[in-house]
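**Q** sequence first, then the predicted structure, then my questions.
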Amino acid sequence: MKKYLLDLTQTQFKAAAKHIIPKDYIFEQIMRWVYEKKVSSFDNFTNLSKDIRTKLSENFDLRTLSIVKKEISNIDGTIRYTFKTADKKSFFAVFLPSKDKNSVCISSQIGCPVGCLFCSTGKSGFTRNLSRGEILEQILQIENDTKQKISGVLFMGMGEPLFNYNSVISALKSLLSKNEFYIGKRHITLSTVGIAAAIKKLVEENLNIRLAISLHSTDDKQRKRIIPENFGFPIDEIMNAAQYYFKKTNSHLTIEYILIKDFNDSPADAHKLARLLKRRFLINPKVQVNLIPFNYVRGSQFIPSTSLSIEKFKNILKVSGIIANIRQAKGSDISAACGQLGY
Ligand code: SF4
């Protein structure tokens with residue numbers, strides 16, 4: 001049975017292909033075709049002999065995903081991709097163009113086991129984890145399709161990345177590696193609902209990427225109404241883990257807060273959030289809040305906060321010394337914005 005090359009680390013690939021690759025320099029040439037030139041077919045590895053190319057194709061798959069749908073936003077050029085896997089499952093990723101850098105928002109799972117009530121991915125249920133290769137291939141396919149260089153990666157698509165820990169860590173190592181994707185740690189953000197134990201483990205990996213905590217509430221009872229049972233971790237434990245990550249890695253920390261009308265968007269909620277962050281991090285410009293206007297999804301019981309309440313919420317944080325940004329919804333006309341990646 002063929003192996004999926006992107007699922008393998010370089011060491012694993014070298015071991016699996018030792019009967020095909022006679023010399024180290026040929027191995028290095030192959031890695032350059034895969035990660036630097038990002039060529040999608042062994043046939044196009046033109047500096048290799050025909051014999052090696054044939055053997056590679058017989059033993060390895062270079063791509064397993066196909067793009068089955070592509071929706072382009074008329075508003076901002078955001079592209080929502082629907083990918084199909086080799087086992088015929090579909091999932092999404094989003095290309096986010098911008099003047100200074102193009103980013104992708106990629107998925108780590110097909111569906112999501114967490115089931116946040118404001119998120120259409122959560123409503124789709126959970127199918128399976130994506131493999132290391134399937135995570136990385138989203139970026140290669142989008143680069144190839146858009147002919148644009150990707151220099152920012154957000155693990156904010158379908159799924160809770162820390163529930164697919166090993167594949168996500170392996171993909172992150174490839175993204176950071178000088179010999180592979182070579183994307184700076186400041187340009188990679190992993191967003192989590194707050195799996196406290198895994199956040200602490202992530203510190204030990206020494207990757208120092210940016211972390212985003214999907215907090216959305218400062219009160220456990222209130223949070224349980226949108227994130228079922230808080231997914232096992234009370235806010236206090238999540239914040240302990242976030243504080244630990246911040247202290248050890250010195251990377252930026254983002255607190256994500258979806259604003260839902262008459263639910264978590266009152267001035268009192270804003271004051272509570274400001275107090276919580278000041279208590280935990282004092283006033284530190286490296287800890288910022290992303291205010292995300294709730295993107296309505298069909299059948300949802302929630303409605304978006306008004307622009308006035310969003311501004312008021314932001315100002316309360318600002319007056320308290322907390323930097324808060326209102327995240328502009330990207331691709332909302334094609335259901336590519338935050339929380340809209342459902343079927
Ligand atoms: S918000 Fe994130 S963790 Fe919650 S259901 Fe959606 S994808 Fe899963």
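**A** Arrived safely.

**Q** give me the domain ranges for the protein.
**A** In terms of domains, the chain is parsed into 3-61, 66-334 (source: automatic domain parsing).

**Q** let me have those domains in a markdown table, adding mean neighbour count and mean pLDDT as columns.
**A** For glycine as for every other residue, the C-beta is placed from the backbone atoms N, C-alpha and C. Below are the domains of the chain laid out as a markdown table (neighbours: other C-beta atoms under 10 Å; pLDDT from 0 to 100):
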| stretch | mean neighbour count | mean pLDDT |
| --- | --- | --- |
| domain 3-61 | 15 | 96 |
| domain 66-334 | 19 | 94 |
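
**Q** kindly reformat those domains as CSV containing distance to the ligand.
**A** Compiled in CSV, these are given as follows (distance: least, C-beta to the nearest ligand atom, whole Å):
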stretch, distance to the ligand
domain 3-61, 23
domain 66-334, 3
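
**Q** ranges for the strands of the stretch 1-150 of the chain?
**A** 3-4, 60-61, 66-72, 79-84, 90-96, 103-105, 109-111, 126-129 (DSSP state E, counting those that start in this stretch).

**Q** those: which one's closest to Thr189?
**A** strand 103-105 (9.1 Å; C-beta to C-beta).

**Q** report the strands that pair with the closest one, each with its relative direction.
**A** strand 90-96 (antiparallel), strand 152-155 (parallel) (DSSP bridges).

**Q** in JSON lines: the ones you listed, plus distance to Ile227.
**A** Compiled in JSON lines, these are given as follows (distance: least, C-beta to C-beta, whole Å):
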{"stretch": "strand 90-96", "distance to Ile227": "21"}
{"stretch": "strand 152-155", "distance to Ile227": "18"}
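
**Q** in JSON lines: the strands of the stretch 1-150 of the chain, plus distance to Asn144.
**A** Output for the strands of the stretch 1-150 of the chain, formatted as JSON lines (distance: least, C-beta to C-beta, whole Å):
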{"stretch": "strand 3-4", "distance to Asn144": "17"}
{"stretch": "strand 60-61", "distance to Asn144": "16"}
{"stretch": "strand 66-72", "distance to Asn144": "10"}
{"stretch": "strand 79-84", "distance to Asn144": "11"}
{"stretch": "strand 90-96", "distance to Asn144": "11"}
{"stretch": "strand 103-105", "distance to Asn144": "12"}
{"stretch": "strand 109-111", "distance to Asn144": "22"}
{"stretch": "strand 126-129", "distance to Asn144": "24"}
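
**Q** looking at these, which is closest to Ile260?
**A** strand 103-105 (21.1 Å).

**Q** which outside residues touch that closest one?
**A** With contacts defined as C-beta atoms under 8 Å, 6 or more residues apart in numbering, strand 103-105 is touched by 93-96, 138-139, 142, 150-154, 156-157, 187.

**Q** which pair of these spans the longest distance?
**A** Farthest pair in the contacts of strand 103-105, by C-beta to C-beta: Ser151 and Gly157, 17.5 Å.

**Q** for the helix or strand harbouring Ala212, which outside residues touch it?
**A** Per DSSP states H and E: Ala212 is located in strand 210-214. Outside strand 210-214, the residues that touch it by C-beta under 8 Å, 6+ apart are 116, 156, 185-186, 188-194, 199, 202, 227, 238, 242, 245-246, 249, 251-256, 258, 290.

**Q** right, I'll call it a day here.
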